[in-house]
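Visitor: Using only what follows, build the 3D model:
(one chain, ligands or ions: 1)
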Amino acid sequence: MNLLTFDSHQKLHESGAGIITGLVQTNPRAILGLATGGTPVGIYQEIVKSFQQGIVRFQDTTTFNLDEYVGLPEQHEQSYRSYMNTHLFDFIDLPRSQAHIPDGNAPDLVAECQSYDRLLDQAGQIDLQVLGLGHNGHIGFNEPDHALISGTHIVELREETRQANARYFGSLGEVPTHALTMGVGTILKAKMILLIVKGQDKAEIIHRALTGPITTDCPASLLQTHPHLVVLLDSEAGSLLQ
Ligand SMILES: N[C@@H]1[C@@H](O)[C@H](O)[C@@H](COP(=O)(O)O)O[C@@H]1O
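Guide: Numbers count the residues shown, from 1 in each chain. This is a model prediction of the structure:
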């Protein structure tokens, strides 16, 4: 594991973006696993800057997002499709046909999960998977549980997750109760994982994820088993790891 702690968010964002654009520069056909949430926004902004400067192109790149809410219209500003458009896709030359996000409005959600896994299989191994971290240790929307599911599946969101994400919605009642998420098996199959964590409120869970027991009670703890894990932290999130 390569753990890097930054004293400024700008440096963290530039470093994260540099890892992603560096990969695409050397391998334009790279397959990227992308995350949403507040954490990667600054990194996506830096990627857009690099694209605008002509440093990187995404015409041949393929992306797979980790997750999507169930039942939220695609145009809703909090759908992960809208998030990706607003923060990244609208500003780069990645063909939309190569930008995959599970469809949380599919009439048959089980079939949608199976079809997402088929697309992942056809694409081959994800070269770089970007991850954020939930306060309860979730990755994607893989919530703590007695067992974790390997492939894409429907998940009932934990109350604490809905509360954490309520800040993006008008009220807790508007936060969807279910989501589709890539499974931990798919996440762990990525060649490289880039875990990004910011804020004092995540200090305890990142400490537990990286130094505690490997347990499905903390899905991020499974990342300890990954041979090529890069962790980018701000100094607040890293405060218990010194
Ligand atoms: N499903 C997403 C995760 O992919 C994200 O990494 C995490 C942290 O979000 P944030 O970065 O906003 O704290 O929770 C969300 O619920």
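Visitor: what's near enough to touch the residue positioned nearest the centre of the chain?
Guide: Per C-alpha atoms, centre = their mean, the C-alpha nearest to the average position across the chain is that of Ala35, at 2.2 Å. For Ala35, the contacting residues are Asn65, Leu66, Val130, Leu131, Gly132, Gly140, Ile196, by C-beta atoms under 8 Å, 6 or more residues apart in numbering. For the C-beta atoms, the positions are set from N, CA and C on the backbone; glycine is no exception.
Visitor: if we look at the ligand, which of the residues you listed are close to it?
Guide: Applying C-beta under 6 Å from any ligand atom, the subset of these adjacent to the ligand comprises Leu66, Gly132, Gly140.
Visitor: Compare the contacts of Ala35 and tell me which has the most neighbours.
Guide: Neighbour counts for the contacts of Ala35 (other C-beta atoms under 10 Å) peak at Leu66, which has 28 neighbours.
Visitor: Torsion angles phi and psi at Leu23?
Guide: phi -60, psi -40 (degrees, to the nearest 10).
Visitor: circling back: any chance of the contacts of Ala35 in TSV, plus secondary structure and pLDDT?
Guide: Shown next, in TSV, are the contacts of Ala35 (DSSP: H, G, I helix; E, B strand; the rest coil; pLDDT from 0 to 100):
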residue	secondary structure	pLDDT
Asn65	strand	98
Leu66	coil	98
Val130	strand	98
Leu131	strand	98
Gly132	coil	98
Gly140	coil	98
Ile196	strand	98
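Visitor: Return the member of those residues nearest to the ligand.
Guide: The ligand has its nearest neighbour among those in Gly132, at 2.4 Å by C-beta to the nearest ligand atom.
Visitor: measure that closest one to Phe89 for me?
Guide: Going from Gly132 to Phe89 by C-beta to C-beta, to the nearest Å gives 18 Å.
Visitor: got the contact list for the closest residue to Ala99 other than its chain neighbours?
Guide: Nearest non-adjacent residue to Ala99, counting by C-beta to C-beta, 6 or more residues apart in numbering: Thr63, 5.0 Å away. When contacts are counted by C-beta under 8 Å, 6+ apart, Thr63 is found next to Ile31, Leu32, Gly33, Leu34, Leu94, Gln98, Ala99, His100.
Visitor: Neighbouring strands - and their directions - for the host helix or strand of Thr63?
Guide: Using DSSP states H and E, Thr63 sits in strand 62-65. Counting by DSSP bridges, the strands paired with strand 62-65 are strand 31-34 (parallel), strand 99-100 (parallel).
Visitor: Tell me which of these sits most buried.
Guide: strand 31-34 (a mean of 24; mean count of other C-beta atoms under 10 Å).
Visitor: what about the worst-scoring helix or strand of the chain on mean pLDDT and the ligand, any contact?
Guide: None of the helices or strands of the chain scores lower by mean pLDDT, DSSP states H and E than helix 159-165, at a mean of 95. Yes. Under the criterion of C-beta under 6 Å from any ligand atom, helix 159-165 makes contact with the ligand via Thr161, Asn165.
Visitor: That helix - contacts with which helices or strands?
Guide: Where contact means 3 or more C-beta pairs under 8 Å, 6 or more residues apart in numbering; DSSP states H and E, helix 159-165 is not packed against any helix or strand.
Visitor: How far away from the center of its chain is that helix?
Guide: 17 Å (C-alpha atoms, centre = their mean, to the nearest Å).
Visitor: Going by neighbour count, which residues in that helix are buried?
Guide: Neighbour-count burial for helix 159-165 flags Thr161, Arg162, Ala164, Asn165 (criterion: 16 or more other C-beta atoms under 10 Å).
Visitor: Over to stretch 87-104?
Guide: For stretch 87-104, a neighbour-count test (16+ other C-beta under 10 Å) marks His87, Leu88, Phe89, Phe91, Ile92, Leu94, Ala99, His100, Ile101, Pro102, Asp103, Gly104 as buried.
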